[in-house]
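Student: Got a predicted model here, sequence first, then my questions.
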Amino acid sequence: MARAPRKQSGPNFSGTKTGINRRTLLVGGGAAAGLLIAWGIWPRSYEPNLNAGANETILNAFLKIDASGQIIVIVPQTEMGQGVTTVLPQILADELGADWRTVAVQSAPVSPLYANTLLAREWLASDWTRLLGGAGDWALNQYATRGALMLTGGGTSIPMFRDAYRDAGAAARVLLCKAAAARWNIPWESCDIADGIITDGAAHRMKIGDIVADAARFDLPDILPYRQGQDGRLSGQDLPRLDTPSKIDGSHNYAADIRLPDMVYASIRQGPIGDALLAGVDEKSAGGVTGFLRLIRRDRWVAAIASNWWAANKALDLADPVFTLRGPQVSSGSIDEALETAFESDAGRRLYAQGDLGPVFEGATILASEYQVDASLHLAIEPPCATARVTEDGAEVWMATQAPGLARAAIANALGLSERAVTLYPLHAGGSFGRAMDWDVGVQAALLAQEMKRPVQLLWSRLEDVIQDRPSAPAHARMAAKLGRGGAIEGWSAKVAAPCAMTQTWSRIADGKLPHEAAADAAGKTTRLAVAGMVPPYAIPNWAVDHFPTDVGLPLGFVRGNAHLHGVFFTESFIDELAHLAGMEAMSFRIQMLGGNPRLAHCLSTAASMGGWQGGIPGSGQGLSTHMMNGAYAAVMVEAAMNGDALSVNRIVAAVDAGDQVNPDIARQQIESGLIHGLAYAMGAAVPYEKGMPTRAILGRMNLPRLADIGEVTVELMRSTADPAGVTDLAAPLVAPAIANALYTWTGQRLRSLPLVGTA
């Protein structure tokens, strides 16, 4: 077996975290970093906490193999349709040499071994951690690991866990080869595994399952060898998704599919948006519904329990709960006013800058434009749902969650139990892309089960889902630029008023703040998370990005693309305006500033070529946008038109460079999914608010794209040898600005607000 000079990675096997040494800490982080040393010398070692069946052998935290040869891959990430429960097992199976037909998936339990330190660093980074440099990153890694921060989001699953799964597969292959070689009395280096069969390339052959029990007793070498060559490799192939068959035949269990003995059903009402308290209910009217059992009230919600969900929801309708709303009532007008007022506050802060804008703008002719975007709802196919059973021995909760460790802690706290007494069964989500970061439904289901002393399944209605959704952040931007000779941008200023949705999310799910409390706490805090995607990818000598925080009264949450949704719309729309002002064709205008960014330039020229770019001439209905995000690069060209008040998008062409993707077909699926998500963001997925409530809640009235609204969609994955980047969030932010730019060529009018069509 060929060997690569790769050292065994501790965290992927025993879970031992190797910190940086004392000298690196003190020199790299300065005196303040020395405060971290006491933490660093406190040893921590984590062992897999997996359960094994009678015929299963645990080889490491990511892999079990049973005696029949079935490969059971442990996945800590939430499957929301993005294919993570296929791609991560594919990485491991490729390195192991497994037969893909024998691979199965099991959700991981809560454990420090599965902490997503990459997303934690992105989410929790501050000026202090950046000041500490490597020591700051190390401290965040330690915080995430020791707190078992299992998080799914931001397209981080593959970048975070790729090496861990590769190491896990390589380690298992070595152990199996050692066990087989010992039985055959030959050097283990002469053995390899292909299609699930261990062989020495000569007379000896053995199935994985026949030797796995012995393999666990061997030790790993100091240097862990990776597989060499491309023959028979699974990585890079369009392998079929592991979750597709069960989703087709209906055997795939989502939260609403769970059935327990003696289980009852619940629906819930939580009042209008804001600081709402339950004031009263009509219990007598609710009691007339067949199957109704009882109403359970808390300070901020009321739930109806019945023998079926429809009876529970009907009982709530008749109970007609009344809430008292303390504080102002959120409305679309108040949101816009709060954003505009933010520009005049003293809380604004310059977060990114290069060069000096003062001399460039002084006395110059400046192009200035204002943009705005509305909050965008998640509108997942599956509304929030959880099933709970609480006994004297503890609690069990079945739910889809993107933060299982934090969800378990919240449930335990609500029930007055230790975290060890709560078992959380993480399920796949029917959509989500951020909605399942919040754990409200799991806590509510557990409290109801504790009260009823029997299992309870709580399902939110679609109306409740829309009212209590945690949408993307609304934002206003004031963009300004100065053009020089030849159309070069000499100065660029972006001032963005927006609340930070990710800061609010963390306050809710980690600190236990109520939604209105989290929104108020984040009101005066500037953060780079609120202006993600606003750093221009173009070669502009002088530029600055300023953030003006505010509380719009609307609790916000983690979404697909997060702040990139509004950031890319502002940047790419304004770039297009500058191109027209300079009298230059929009693609060439961008290309001249991408000399230092060849991967993005390649994507842009490829999308334009494949789409038959006509130079953005009047009447063409063609528009462009481009963006880079977390190591991935993409460009989109669309063909769009307005037929009366109706928007039609006849064609979308995307060129993406996201590294060497493990499963290209799943990558294309996610890019296509992101394009449609972005189309929904451009067309609808937003609602007006009035008196603390959305003015509509039926999906059919959201102006969401239908199949008839979507023309040809083409995705070109660029060949690349770079490490694979996450693509889940990449495409969604690109569509709205591309459509807006296309409609300018069609109508001659510049659309600077999202959604692009009316939401009234």
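Tutor: Good, I have the coordinates. Numbering: from 1, shown residues only.
Student: Quick check: the closest residue to I698 other than its chain neighbours vs A148, distance?
Tutor: Distances taken as Cβ to Cβ, 6 or more residues apart in numbering put R462 closest to I698, at 7.4 Å, once the chain neighbours are dropped. For every residue, glycine as well, the C-beta is placed using N, CA and C. Relative to A148, R462 is positioned 33 Å away (Cβ to Cβ, to the nearest Å).
Student: These two: which has the busier surroundings?
Tutor: A148 (21 against 12; other Cβ atoms under 10 Å).
Student: The more buried one contacts A115, doesn't it?
Tutor: Yes - in terms of Cβ atoms under 8 Å, A148 counts as a neighbour of A115; the distance is 5.8 Å.
Student: Residue nearest the middle of the protein, spatially speaking?
Tutor: Residue closest to the average C-alpha location in the chain (Cα atoms, centre = their mean): G153, at 2.4 Å.
Student: Was I right to think that residue contacts F558?
Tutor: Yes - if you go by Cβ under 8 Å, G153 and F558 touch, sitting 5.8 Å apart.
Student: what's the overlap in contacts for the two?
Tutor: Counting by Cβ atoms under 8 Å, 6 or more residues apart in numbering, the contacts common to G153 and F558 are Q402, G434, M437.
Student: can you redo the residues you listed as JSON lines with distance to A480, secondary structure and pLDDT?
Tutor: Shown next, in JSON lines, are those (distance: Cβ to Cβ, whole Å; DSSP: H, G, I helix; E, B strand; the rest coil; pLDDT from 0 to 100):
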{"residue": "Q402", "distance to A480": "38", "secondary structure": "coil", "pLDDT": "97"}
{"residue": "G434", "distance to A480": "32", "secondary structure": "coil", "pLDDT": "92"}
{"residue": "M437", "distance to A480": "35", "secondary structure": "helix", "pLDDT": "96"}
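Student: quick one: least confident helix or strand in the protein?
Tutor: Lowest on mean pLDDT, DSSP states H and E among the helices and strands of the chain sits helix 22-29, with a mean of 29.
Student: burial count for the residue lying closest to D665 once chain neighbours are set aside?
Tutor: Spatially, and ignoring its direct neighbours in sequence, D665 is nearest to D238 (3.7 Å; Cβ to Cβ, 6+ apart). D238 has 12 neighbours, counted by other Cβ under 10 Å.
Student: quick one: D238 and A667, what's the gap?
Tutor: 10 Å.
Student: next structured bit after the lengthiest helix in the chain?
Tutor: Longest helix in the chain, counting residues (DSSP state H): helix 157-184. Next helix or strand after helix 157-184 toward the C-terminus (DSSP states H and E): strand 192-194.
Student: Could I get the pLDDT score of R44?
Tutor: Listed pLDDT for R44 reads 57.
Student: now do E490
Tutor: 97.
Student: OK, contacts around it?
Tutor: Applying Cβ under 8 Å, 6+ apart, the residues near E490 are V360, K482, L483, G484, I540, P541, N542.
Student: Could you point out which of the residues you listed is nearest to L424?
Tutor: I540 (47.7 Å; Cβ to Cβ).
Student: Could you confirm that closest one falls within a strand?
Tutor: No - applying DSSP: H, G, I helix; E, B strand; the rest coil, one finds I540 to be coil, outside a strand.
Student: Could you count how many residues lie near R298?
Tutor: Using other Cβ under 10 Å, the number of residues around R298 comes to 15.
Student: you'd agree it is up against E451?
Tutor: No - counting by Cβ under 8 Å, R298 stays clear of E451, with 9.6 Å between them.
Student: Next one: G355 relative to R485, how far apart?
Tutor: For G355, the distance to R485 - Cβ to Cβ - is 17 Å.
Student: higher neighbour count, these two?
Tutor: Neighbour count, other Cβ under 10 Å: between G355 and R485, G355 has more, with 15 against 7.
Student: Now do the same contact list for the more buried one.
Tutor: So G355 contacts G491, P541, N542, W543 (Cβ under 8 Å, 6+ apart).
Student: hmm, back to that, pretty sure the residue nearest to D665 is touching P664, no?
Tutor: Yes - taking Cβ under 8 Å as the definition, D238 is a contact partner of P664 at 5.8 Å.
Student: In contact with the residue nearest to D665, which residues?
Tutor: D238 neighbours (Cβ under 8 Å, 6+ apart): N663, P664, D665, I666.
Student: Let's see that with 10 Å instead.
Tutor: Neighbouring residues of D238 by Cβ atoms under 10 Å, 6 or more residues apart in numbering: Q661, N663, P664, D665, I666, A667, R668.
Student: Assign a three-state SS to the nearest residue in space to the last one that is not next to it in sequence, would you?
Tutor: Take R668 and drop its neighbours on the chain: the residue closest to it by Cβ to Cβ, 6+ apart is V715, 4.9 Å away. Following three-state DSSP, the label given to V715 is strand.
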